[in-house]
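Visitor: sequence? don't have it. structure:
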């Protein structure tokens, strides 16, 4: 083992030991919030939306907001104290903060006090089966750490026992979260996702500003290509993704009418070598706020990612490029939805057919307008632009 990694692990282990030893001695600050998104990978998702809402409300002007970020994602955040994720300060504020606002399963070593409130916002409506609902043989292993199903589900069970609230965007999601994480119904806060207030309230002026921010042309259609990771593809650094598209071919067919934003899942760690496709292909970093990419995009292409649930709010075309559908469905996870019947767009397995749909997008999309409307009624009915307010008022008793 690398000596630096060895020393780092020893230091982290000692910090965790001190935390478990002294966390009860650190008094709770009643008006302090600790936010973590994707284990410190950025200022993102539902925690970001909740923080932004509270920062703008006079009722919370005397609250303290703490954001924990990893070293590679360290940024200044307005109206917040930024600390290093997994640092001594992080463990201090774990013990100090009245409210924990996290968006993914947290490590087992967290020690929650009786008077602390843990809001697990989660990070998407599930298409892929989760935790206890994954039905693969007993010899199967999960994640790149190769844990067994029992070990995997136990890690969720430990976190679930600490939840005071678990955020849900719909009745469908509530049902799946209860079965997969074995939640109690009284833990569920079914009011919609705060992060989607941004999509509901978006303006044309804001879209124009965001295109300027990302140095994108104002006069071209934008394709957002956002594939997810595969459980069975990984190396020592993390999950890998073998990209199955030819962007040079895309440019030959779609430019100058379109440009492409490529946004891999944040868990994908391998680097890509791109052809020189200036002014056509734009690579988006893992900590880019995908909400901003949604609103500037005219069409979404994804596979098994839950991004399409949120993008559907914008009522724009969605294409599902599932070149490995049978393998994924049978051997990797399985789905909660009936694919392709329940999807608000067409499943495509061949790249030529994908390009053809993009070249004839208006004709294609006309066939799915009613299906998209019905889809939103089922999966996005709470998204009224006021979800952040509803979540905060449910979690904090202002009286």
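Guide: Received, thanks. Note that the structure is a prediction, hence the values are computed from the model and not measured.

Visitor: which helices and strands sit right next to the lengthiest helix in the chain?
Guide: Assignment by DSSP state H gives helix 3-22 as the longest helix of the chain. For helix 3-22, the contact count by 3 or more Cβ pairs under 8 Å, 6 or more residues apart in numbering; DSSP states H and E identifies helix 88-96 as packing neighbours. C-beta coordinates here come from the backbone N, C-alpha and C atoms, glycine included.

Visitor: tilt between the helix it packs on and helix 3-22?
Guide: Taking axes from the mean of the first three to the mean of the last three Cα atoms, to 10 degrees, one finds helix 88-96 and helix 3-22 inclined to each other by 20 degrees.

Visitor: residues in contact with the most centrally placed residue in the chain?
Guide: Nearest to the geometric centre of the chain sits residue 123, at 4.1 Å (Cα atoms, centre = their mean). When contacts are counted by Cβ atoms under 8 Å, 6 or more residues apart in numbering, residue 123 touches 38, 45, 46, 103, 104, 306.

Visitor: swap the cut-off to 6 Å and go again
Guide: Contacts for residue 123 were tallied using Cβ atoms under 6 Å, 6 or more residues apart in numbering; they are 45, 103, 104.

Visitor: what does residue 344 give?
Guide: Under the criterion of Cβ under 6 Å, 6+ apart, the neighbours of residue 344 are 312, 318, 371, 372, 375.

Visitor: Not counting sequence-adjacent ones, nearest residue to it?
Guide: The spatial neighbour of residue 344 that comes closest, neighbours along the chain excluded (Cβ to Cβ, 6 or more residues apart in numbering), is residue 375 at 4.0 Å.

Visitor: Test for you: state the pLDDT assigned to the one you found.
Guide: Among the per-residue scores, residue 375 shows a pLDDT of 97.

Visitor: That one and residue 96, how far apart?
Guide: Noted for residue 375: a distance of 43 Å to residue 96, by Cβ to Cβ, to the nearest Å.

Visitor: What's the local residue count around residue 113?
Guide: In terms of burial, residue 113 registers 15 neighbours under the definition other Cβ atoms under 10 Å.

Visitor: sorry, back to before: following element in sequence after the longest helix of the chain, please.
Guide: In the C-terminal direction, the helix or strand that comes right after helix 3-22 (DSSP states H and E) is strand 29-36.

Visitor: So which elements touch that next one?
Guide: Based on contacts counted as 3 or more Cβ pairs under 6 Å, 6 or more residues apart in numbering; DSSP states H and E, the elements that strand 29-36 packs against are strand 64-69, strand 97-102.

Visitor: Am I right that residue 326 is in a helix?
Guide: Yes: inclusion of residue 326 in a helix is indicated when DSSP: H, G, I helix; E, B strand; the rest coil is applied.

Visitor: let's number from 394 now, not from 1
Guide: Right, with 394 as the first residue, what we last looked at is residue 719.

Visitor: tally of neighbours for it?
Guide: Residues lying near residue 719 (other Cβ under 10 Å) number 9.

Visitor: For it, give me the pLDDT.
Guide: The predicted structure scores residue 719 at 82 on the pLDDT scale.

Visitor: returning to that earlier point: how about the backbone phi and psi for the closest residue to the residue nearest to the centre of the chain other than its chain neighbours?
Guide: Using Cβ to Cβ, 6+ apart and skipping the chain neighbours, the partner closest in space to residue 516 is residue 496 (4.7 Å). Summarising the backbone geometry of residue 496 under the convention degrees, to the nearest 10, its torsions are phi -120, psi 10.

Visitor: ok, residue 496 - how many residues close by?
Guide: The local packing of residue 496 (other Cβ under 10 Å) involves 25 other residues.

Visitor: who's in contact with it?
Guide: By Cβ under 6 Å, 6+ apart, the contact set of residue 496 is 430, 438, 439, 440, 514, 516.

Visitor: The first one and residue 550, how far apart?
Guide: In this structure, residue 430 and residue 550 are 23 Å apart, going by Cβ to Cβ.

Visitor: who's more crowded, these two?
Guide: residue 430 (27 against 14).

Visitor: Show the subsequent helix or strand relative to the lowest-mean-pLDDT helix or strand in the chain.
Guide: Across the helices and strands of the chain, the lowest-confidence element by mean pLDDT, DSSP states H and E is strand 534-535, at a mean of 59. The helix or strand immediately downstream of strand 534-535 is strand 540-541, counting by DSSP H and E.

Visitor: which is the next helix or strand following that next one?
Guide: Next helix or strand after strand 540-541 toward the C-terminus (DSSP H and E): helix 542-553.

Visitor: relative to strand 490-495, how tilted is that next one?
Guide: Going by the same axes, to 10 degrees, helix 542-553 is angled at 140 degrees with respect to strand 490-495.

Visitor: before we move on, back to that, of all the residues in the longest helix of the chain, which ones are buried?
Guide: 408, 409, 412 (16 or more other Cβ atoms under 10 Å).

Visitor: Dump those into TSV; add distance to residue 419 as well.
Guide: Formatted as TSV, the entries for the buried residues of helix 396-415 read as follows, by distance: Cβ to Cβ, whole Å:
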residue	distance to residue 419
408	14
409	15
412	9
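
Visitor: Export these as JSON lines, with columns for pLDDT.
Guide: JSON lines is the format used below for the buried residues of helix 396-415 (pLDDT from 0 to 100):
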{"residue": "408", "pLDDT": "81"}
{"residue": "409", "pLDDT": "81"}
{"residue": "412", "pLDDT": "85"}
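
Visitor: between those, which is closest to residue 776?
Guide: Distance to residue 776 across the buried residues of helix 396-415 (Cβ to Cβ) is lowest for residue 412, with 37.7 Å.

Visitor: Okay, that closest one and residue 774: tell me how far apart.
Guide: Shown here: residue 412 relative to residue 774, a distance of 41 Å by Cβ to Cβ.

Visitor: now swap in residue 494 and tell me
Guide: With distances defined as Cβ to Cβ, the gap from residue 494 to residue 774 amounts to 24 Å.

Visitor: Surely residue 511 and residue 492 touch.
Guide: No: with contacts counted by Cβ atoms under 6 Å, residue 511 stays clear of residue 492, the gap being 8.0 Å.
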